[in-house]
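> make a model of this:
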Amino acid sequence: MIIFWVLRKPLKGFIDRIIKFAVGGISAETNSPQKQGEPSEKSPANTLTQKRTGERLEKALSSFSLETQQETEAIVKQSINYESLESPEKKERMLLKYAQVAFLVMTFNGIYNNIYGSQIKIIQKLNSSSLVKKDELILYYDNAKVNFPKVYENYPYSEYLKFLINSNLIQEDGDNVIITKLGRDFLKFIVDAAFSFEKLY
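Numbers count the residues shown, from 1 in each chain. Predicted coordinates:
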């Protein structure tokens, strides 16, 4: 497909940045508010996490045309120099690493597309502090609510914070909140994917 030919170089460059990030440690934003919640039951991303191993892969792939599957298979093989790998074991290891990177990118992309700018600031705050009182973080929520009253009209602070907890970016420790390892990796991902820390809401 023409679109995959056009995107081949940008995709490879993006993958190279993410692989570099992964080895070192491992969307476009719209102007309309995103509903923060779980992905659709029919989405490939959700399918991957709910079905049994063989079924979930087949189900996820069936969401796309055969031509798209063939094009992406070729891109994957070219990206890891599949044909030049000497043994089935090496091919398996490389494909597994590629799958890990792809899953992390898919996960972080999903989070990034749904997260609010004020929530990113909370993660950044926690990244620079060992421990923060949960009540201190409400300041980020209150400021965003003042600037975007319609978005926060029926969105309480508990649900706002719950999005970050359910995404495993932060965790509660009594009355305190701390950043998780995944939360730190998410911040690294934003940098390596050349995304912006400045988002709406």
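> secondary structure class for Phe189?
Using DSSP: H, G, I helix; E, B strand; the rest coil, the secondary structure recorded for Phe189 is helix.
> number of residues surrounding it?
A count of neighbours around Phe189, defined by other Cβ atoms under 10 Å, yields 23. Just so you know, the C-beta spots here come from the backbone N, C-alpha and C atoms, and that holds for glycine as well.
> quick check: it vs Val101, distance?
11 Å (Cβ to Cβ, to the nearest Å).
> likewise for Glu92?
15 Å.
> the two - which one has more neighbours?
Legend: neighbour count by other Cβ under 10 Å for Glu92 and Val101, higher for Val101 (18 against 11).
> secondary structure element holding the more buried one?
Following DSSP states H and E, one finds Val101 within helix 88-114.
> buried set for that helix?
For helix 88-114, the neighbour count (16 or more other Cβ atoms under 10 Å) marks Lys91, Met94, Tyr98, Val101, Leu104, Val105, Thr107, Phe108, Gly110, Ile111, Tyr112, Asn114 as buried.
> contacts for whichever helix or strand comes after it?
Heading C-terminal from helix 88-114, the first helix or strand you meet, by DSSP H and E, is helix 117-127. Applying Cβ atoms under 8 Å, 6 or more residues apart in numbering, the contact partners of helix 117-127 are 132, 137, 140-141, 143-144, 160, 163-164, 169-170, 177-179, 183-184, 186-187, 190, 197-201.
> among those residues, which ones are buried?
Buried members of the contacts of helix 117-127, scored by 16+ other Cβ under 10 Å, are 132, 137, 140-141, 144, 160, 163-164, 169-170, 177, 179, 183, 186-187, 190, 199-201.
> picking that back up, so the helix holding Val101 versus helix 117-127, what angle?
Calculated by axes from the mean of the first three to the mean of the last three Cα atoms, to 10 degrees, helix 88-114 forms an angle of 120 degrees with helix 117-127.
> tell me how far Asp173 lies from Ile165.
Asp173 is 11 Å from Ile165, by Cβ to Cβ.
> wait, I meant Lys181
14 Å.
> comparing the two, which residue is more hemmed in?
The neighbour count for Lys181 versus Ile165, taken as other Cβ under 10 Å, is higher for Ile165 (13 against 10).
> look at that one and report its pLDDT.
On the pLDDT scale, Ile165 is placed at 95.
> just Ser130 next, same as before
We have a pLDDT of 75 for Ser130.
> nice, that's everything, thank you.
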